[in-house]
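S.K.: one predicted model, sequence on top.
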Amino acid sequence: MGYHAGDYDVIVIGAGHAGCESALASARMGCNTLLLTINLDMVAFMPCNPSIGGPAKGHVVREIDALGGEMGRNIDKTYIQMRMLNTGKGPAVHALRAQADKFSYQHKMKETIEATPNLTLRQGMAEELIVEDGVCKGVITKTGAEYYSKAIVLTTGTYLRGKVIMGELMYESGPNNQQPSIKLSESLRKLGFDLVRFKTGTPPRVHKDTIDFSKTVIQPGDDDPKFFSFETKTGLKEDQLPCWLTYTSEDTHDIINANLYRAPMFSGAIEGTGPRYCPSIEDKIVRFSDKPKHQIFLEPEGRNTSEYYVQGLSTSMPEDVQLGILRSIPGLEKVEMMRTGYAIEYDAVVPTQLKPSLETKLVSGLFTAGQINGTSGYEEAAGQGVMAGINAARKVQEKEAIVLDRSEGYIGVLIDDLVTKGTNEPYRLLTSRAEYRLLLRHDNADLRLTPIGHEIGLISDERYETFLNKKALVEQEIERLNSTKIKLDDQVQKYLESLESAQLNNSVSAISLLRRPEIEYAHIEQMSPSPYELDAEMKEQVGIQVKYAGYIEKQYNQVERLRKMEKKKIPDDIEYSEIHGIATEAKQKLAKIRPISIGQASRIAGVTPADISILLVYLEHYNRVVAARG
């Protein structure tokens, strides 16, 4: 027998990385929010790798922070190692990565949620959505509790009809032996949603004291680390914990090849599609049979545990085979396995059923975010989560949805890829997916997104003032460099010579010197100190904006051309079947995805430039007819 358990503005179902960001965003925007999760002990849990960030993923964390989200602040409080990756390459691909104390990370996030006004955290298994006349009104739990709301965000991760697979062993389960969600998946199917079956996996964990670190290569953190949150100014941990590098051996490959008949991936036991960019070790051995070895990273899971995560050894092999594989790796010959690796299958919503706001097209007021949308990774989940939470709150407040375009953030690229192109495998964000990656750098996420965060109420006035001050000082310093002449006297000439920089006569502008590849902003400081108090972030910003000015301007010009296409909106009631001249495939794709703009329509696979030209002509006629009707 059901009972009325409460009324809320927004209900978020699932308290993983997407759910935490959704609920916090909604509550901080003033909406009375319920965060409902199967197990309170699993809030912000890291079922797979104990890390945050990396290429493209680190960019997303910075963007979440710039919008007013929590992931960046939380990892800055709980990291055990911080490293900037790709420093030998250009700034577009610099990426921060942190090893997390996974237990501290989830506990700190839970503390933040519990202390947030307008936010109620409650344990419960959501089993059925309450939908009336195509509008989502609430949810019913396993215990019969009926919660009502004006918007709902589903962030169910890998729990929907979750099935754990380990060799011949298979059983219904969420990650880490948690209860799976069975009936909610059935509820979505009954509502008419198209679901797909995806798979992901995790490696075994081993005991620190049984690792021979002398046979591995140490991977320390940075001595002077940067942080994910723009609010974090201090917090260097002197006792960063190192990771360790080793490799698979010939024996490893022999063991795997000899047991492929027991591998669920190859025996047909796994029906879900796995992630291309995070394959299992057995998949790697088969696909890259010419490679004699593969990298394996040994990563501590926290300060107060002996568990080490074996990065690169994701597997669904039987337990006895996993132990054999581990002991064939240099440094792990006597290792003891504490947890067995496994694969997990789960249901996901086909993401082309979503609007760019992450609201479903089929049911009004229902939003989805995270792995339910076909993505992989904590960061991709959190990036969708913050946007779904923002837009659920905006829906309740009867305000226009916030949609980031591809030139504004990796989050914009991620969501546009999902809702426009869909995905036939767990989607992973890569820097190569962003056509404007020089604009979407790790260092300038605040310049791109903090004004939006402030406008919607997630960035405080105080933080916004600090941001405006930074922006002004950077602009003033660039202007100073543009107007400052450096006199090339003997002392300066000797300094340039020491930098192996060609000497010049008389004087030169500071900005033209800084544009030289061998000259850094620190060198300009030596020759012409700034009168402004600039911190390290501001100096970095000055250097990048000056050095890459030409390339940045070229990308901005491309963006402006794109924006003209994005501004040409397509009405919801367009009947594509009535448009003569558009190819049949294009009509079907346009009708299915229902793009909101010409820009989005042009990115749909199967829609050609010729189709777009005909659509533009049709829209011009359509708009004239609508205008004539008054």
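M.R.: Happy to help now that I have it. Numbering: from 1, shown residues only.
S.K.: any residues touching stretch 455-464, and which ones?
M.R.: 25, 28-30, 67-69, 231, 390, 394, 402, 450-451, 453-454, 467 (C-beta atoms under 8 Å, 6 or more residues apart in numbering). Any C-beta I mention is one placed from the backbone N, CA and C, and that applies to glycine too.
S.K.: CA atoms of it as CSV?
M.R.: C-alpha atoms of stretch 455-464 as CSV (Å, rounded to 0.1, in the frame of the first residue of the first chain):
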residue,chain,number,x,y,z
GLU,A,455,23.9,34.6,-13.7
ILE,A,456,22.1,31.4,-12.6
GLY,A,457,23.0,31.8,-9.0
LEU,A,458,25.7,29.1,-8.4
ILE,A,459,28.6,31.5,-8.2
SER,A,460,28.6,33.9,-5.2
ASP,A,461,28.9,37.7,-5.7
GLU,A,462,32.2,37.5,-3.7
ARG,A,463,33.7,34.8,-6.0
TYR,A,464,32.4,36.7,-9.0
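S.K.: distance from the chain centre to that stretch, please.
M.R.: Centre-to-centre, stretch 455-464 and its host chain are 22 Å apart (C-alpha atoms, centre = their mean, to the nearest Å).
S.K.: list the buried residues of that stretch.
M.R.: Residues of stretch 455-464 classed as buried: 456, 458-459, 463 (neighbour count, 16 or more other C-beta atoms under 10 Å).
S.K.: before we move on, what about stretch 432-445?
M.R.: In stretch 432-445, counting by 16+ other C-beta under 10 Å, buried: 433-434, 436-445.
S.K.: quick check: phi and psi on the spatially closest residue to L119 that is not a sequence neighbour?
M.R.: The shortest distance from L119 to any non-neighbouring residue, by C-beta to C-beta, 6 or more residues apart in numbering, is to A27 (3.8 Å). Dihedral angles of A27 (phi, psi; degrees, to the nearest 10) stand at phi -60, psi -40.
S.K.: list the contacts of A27.
M.R.: A27 touches 33, 116-119, counting by C-beta under 8 Å, 6+ apart.
S.K.: tell me the one of those residues nearest L298?
M.R.: Each of the contacts of A27 was checked against L298 using C-beta to C-beta; the closest is T116, at 36.1 Å.
S.K.: surely the closest one is within a helix?
M.R.: No. Read with DSSP: H, G, I helix; E, B strand; the rest coil, T116 is coil and lies in no helix.
S.K.: these two touch, right, it and E21?
M.R.: No. Contact status for T116 versus E21: not in contact, 12.0 Å apart, counting by C-beta atoms under 8 Å.
S.K.: these two: which is more packed in?
M.R.: Higher neighbour count among T116 and E21: E21, with 33 against 17, using other C-beta atoms under 10 Å.
S.K.: can you pull the pLDDT of the more buried one?
M.R.: You'll see E21 listed with a pLDDT of 98.
S.K.: returning to what we had before: of the buried residues of stretch 432-445, closest to E575?
M.R.: Closest to E575 out of those is R433 (32.3 Å), distances taken as C-beta to C-beta.
S.K.: from Q240, how far out is that closest one?
M.R.: Remark: distance between R433 and Q240 (C-beta to C-beta, to the nearest Å) = 31 Å.
S.K.: now swap in C278 and tell me
M.R.: Distance from C278 to Q240, counting by C-beta to C-beta: 25 Å.
S.K.: one more: P330?
M.R.: 24 Å.
S.K.: what does I411 give?
M.R.: I411 is 29 Å from Q240, by C-beta to C-beta.
S.K.: these two: which is more packed in?
M.R.: Higher neighbour count among I411 and Q240: I411, with 28 against 18, using other C-beta under 10 Å.
S.K.: and that one, what does it touch?
M.R.: Shown in contact with I411 (C-beta under 8 Å, 6+ apart): 60, 63-64, 383-384, 386-387, 404.
S.K.: try it again at 10 Å.
M.R.: By C-beta atoms under 10 Å, 6 or more residues apart in numbering, the contact set of I411 is 59-60, 63-64, 66-67, 69, 379-380, 382-384, 386-387, 404, 429, 440, 445, 449.
S.K.: alright, that wraps it up for me.
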